[in-house]
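[1] Here is a sequence with its predicted model. Questions after.
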Amino acid sequence: MATPSHRRSLRKRRTIVVTAAAAAAGIGAGILVLNANAASSTATAADLYHQTLAAKDGWASSGTGTTGGAKADAAHTFTVTTRAQLVKALGSASDTTPRIVKIKGTIDANTDDLGKKVSCADYAAGTGYSLAAYLKAFDPSTYGTSKLPSGAQETARAAAQAKQGKNVIFRVPANTTVVGVPGTNAGITGGMLQVQSVDNVIVRNLTFAATRDCFPQWDPTDGDSGNWNSQYDAVTLRGATHVWADHNTFTDAPGLDTSDPTYYGRQYQIHDGDLDITKGSDLVTVERNQFTNHDKTMLIGSSDTDSVGKLRVSIHHNVWKGIVQRAPLARIGQIHIYNNFYDTTNLNGYVLQYSVNSRAKAQVVAEDNYWKIPASQKVAKLFSGDGTGSIAGGGNLVNGTATDLVAAYNAANSKKLKTTVNWTPTLTAGLETSAKNLPTELATTTGASVLN
């Protein structure tokens, strides 16, 4: 088997029945669902668009906390339904004015300013790129396997990829909340939210689907047999701080990997990450999301030399189903992984390589998580590492049974995971000390479209 590439390529919700008296006070009738960890000063003041991260809810609550666009005025509160409107509402990535961007319905990133569909062929037009010519130019039997592609077709591929990037990358400024409007199937198809070198961002209640790169690059030096590497994560954090990703759904559907062709004996991989946290990003909380039908899912640290002292991330109460790897792959930082549910059953051709990988001296605490695995799955494959990373913590269950996952991995591998870390998690509001109910609990409290 070819070596896998490691390159960058509610707690329980409170349901509050609003009484007639409350309605008279201006709250409104019906049922208001609040995320208990999305705290505002009072329940009556809270709403989906202005909610902020609660105290002690993971690394993103550290220091100044994460409030996103909660202080936005009416002039900086937008409801958008098209790609062009989203770009306008986000404005300049350097503008720090608090803003709330409400996404209503599903936005197709591969459309022009008039809403017309833009195809891969449209992006390639005028660049000189063609897949057939690219494959001929860099066929390993003639080009070799020792160097990256260079020359006319690689230049054309990069130009076509850049054209697509101008359309599908949405740059999020500081002090911003991007949130899906309940009841509208809110989300972004084929696009990427880029949170780069900014502070204080909230992303909630959105479905990110079918983020794809029309123009993957061939790298014959990647792994044992080379790999196709693509751009565009669904959400990417690069040098970002104080970010809260909550109640989102990430999926390749409808463009699953099984529909992709094979070139040079390797899958033509058009998907990159779901939610990558790299380039010295820090103080991030990822909770109540669903990650499904994806390969390289969450990368923490873009390389083994990413920023020491940063990459502090909390990952809790998420569902991982049909995930091949990187749930997450962690480098360097202090990462707390707790109360997650991993279903490693093969799904739509997505077959597990591993769940959690600790490498490059990462300091991971993984506790009170639940793994559901098929009878054919080896417990030793749930963790992975390079011999320098650590995974501490306990209370993890496999099919309902307490299991020492580090011990299982170490017994089967020469590059051992270390079992001690240099920090103790303290920002742990909502930590459940038993994982046994997670499969049932998280089935209805995670992902997009469950917040109201």
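    That came through, no problem. Residues are numbered from 1 along each chain as shown.
[2] measure Lys361 to Arg331 for me?
    From Lys361 over to Arg331 the distance is 8 Å, taken as Cβ to Cβ, to the nearest Å. Any C-beta I mention is one placed from the backbone N, CA and C, and that applies to glycine too.
[3] which of the two has more neighbours?
    The neighbour comparison of Lys361 against Arg331 (other Cβ atoms under 10 Å) goes to Arg331, with 27 against 16.
[4] State the number of residues packed around the closest residue in space to that one that isn't next to it in sequence.
    Using Cβ to Cβ, 6 or more residues apart in numbering and skipping the chain neighbours, the partner closest in space to Arg331 is Gly301 (2.9 Å). Residues near Gly301, counting by other Cβ under 10 Å, number 28.
[5] swap in Lys147?
    When neighbours are defined as other Cβ under 10 Å, Lys147 has 11 of them.
[6] need the contact list for it.
    Shown in contact with Lys147 (Cβ atoms under 8 Å, 6 or more residues apart in numbering): Pro220, Thr221.
[7] And the pLDDT for it?
    Looking at Lys147, its pLDDT is 95.
[8] helix, strand or coil for it?
    Per DSSP: H, G, I helix; E, B strand; the rest coil, the local secondary structure of Lys147 is coil.
[9] if we can go back for a sec, overlap of the contact sets of Lys361 and Arg331?
    What both Lys361 and Arg331 touch, as defined by Cβ under 8 Å, 6+ apart, is the set Gly389.
[10] hmm, back to that, settle this for me: the residue nearest to Arg331 is touching Ile335, isn't it.
    No: counting by Cβ atoms under 8 Å, Gly301 stays clear of Ile335, with 9.5 Å between them.
[11] Setting the sequence-adjacent residues aside, check what's closest to Tyr49.
    Of all residues not flanking Tyr49 in the chain, Ile100 sits nearest, at 5.1 Å (Cβ to Cβ, 6+ apart).
[12] Work out for me the element that neighbour sits within.
    Assigned by DSSP states H and E, Ile100 belongs to strand 99-103.
[13] Quick one: mean pLDDT over whichever helix or strand comes after that strand.
    The element immediately downstream of strand 99-103 (helix or strand, assigned by DSSP H and E) is strand 106-108. In this model, strand 106-108 has an average pLDDT of 98.
[14] Could you do stretch 292-299 as well?
    Here stretch 292-299 scores 98 as its mean pLDDT.
[15] on that earlier part again, overlap in contacts of Gly301 and Ile335?
    Taking Cβ under 8 Å, 6+ apart as the contact rule, Gly301 and Ile335 both touch Leu311, Ala362.
[16] and the residue nearest to Tyr49, what does it touch?
    The contact partners of Ile100, taken as Cβ under 8 Å, 6+ apart, are Tyr49, His50, Gly68, Gly69, Ala70, Ala72, His76, Thr77, Phe78, Thr176, Thr177, Val179.
[17] ok, it to Val203 distance?
    Where Val203 is concerned, Ile100 sits at a distance of 12 Å (Cβ to Cβ).
[18] cool, Thr285 as well?
    According to Cβ to Cβ, Thr285 and Val203 sit 11 Å apart.
[19] Not counting its neighbours along the chain, what's nearest Val379?
    Ala408 (4.4 Å).
[20] Surely the one you found touches Gln377?
    No: counting by Cβ under 8 Å, Ala408 stays clear of Gln377, with 11.5 Å between them.
[21] In contact with Asn200, which residues?
    Asn200 sits next to Thr64, Thr66, Thr67, Gly68, Ala174, Asn175, Thr176, Thr241, His242, Val243 when contact means Cβ under 8 Å, 6+ apart.
[22] Specify the beta-bridge partners of the last one.
    The reference is to Val243. Note on Val243: beta-bridge partners by DSSP bridges are Val201, Val284.
[23] Can you name the residues that contact it?
    By Cβ under 8 Å, 6+ apart, the contact list for Val243 reads Ala60, Thr66, Val195, Asn200, Val201, Ile202, Val203, Leu237, Ser281, Leu283, Val284, Thr285.
[24] so what pLDDT did it get?
    For Val243, pLDDT reads 99.
[25] what's the spacing between it and Arg204?
    Val243 sits 11 Å away from Arg204, going by Cβ to Cβ.
[26] and if you look at Gly69?
    Counting by Cβ to Cβ, the gap from Gly69 to Arg204 is 11 Å.
[27] if I look at those two, which residues touch both of them?
    Thr177.
[28] which residues touch the residue nearest to Arg331?
    Going by Cβ under 8 Å, 6+ apart, Gly301 touches Ile277, Thr278, Leu311, Ala330, Arg331, Ile332, Gly333, Ala360, Ala362.
[29] From those, list just the buried residues.
    Buried members of the contacts of Gly301, counted by 16 or more other Cβ atoms under 10 Å: Ile277, Thr278, Leu311, Ala330, Arg331, Ile332, Gly333, Ala360, Ala362.
[30] isn't the last one right next to Gly333, touching?
    Yes: under the criterion of Cβ under 8 Å, Ala362 is in contact with Gly333, at a separation of 6.2 Å.
[31] so what's in contact with those two at the same time?
    Counting by Cβ under 8 Å, 6+ apart, the common neighbours of Ala362 and Gly333 are Ile300, Gly301.
[32] Now the phi/psi pair for Asp257, please.
    Here is the backbone geometry of Asp257 (degrees, to the nearest 10): phi -60, psi -30.
[33] whoops, Cys214 was the one
    Dihedral pair for Cys214: phi -70, psi -20, per degrees, to the nearest 10.
[34] Retrieve the pLDDT associated with the closest residue to it other than its chain neighbours.
    Spatial nearest neighbour of Cys214, excluding adjacent residues (Cβ to Cβ, 6+ apart): Cys120 at 3.6 Å. Here the pLDDT value assigned to Cys120 is 98.
[35] for Asp47, same thing?
    As predicted, Asp47 sits at a pLDDT of 89.
[36] before we move on, what about Ala24?
    Taking Ala24 on its own, its pLDDT is 30.
[37] Much appreciated, bye for now.
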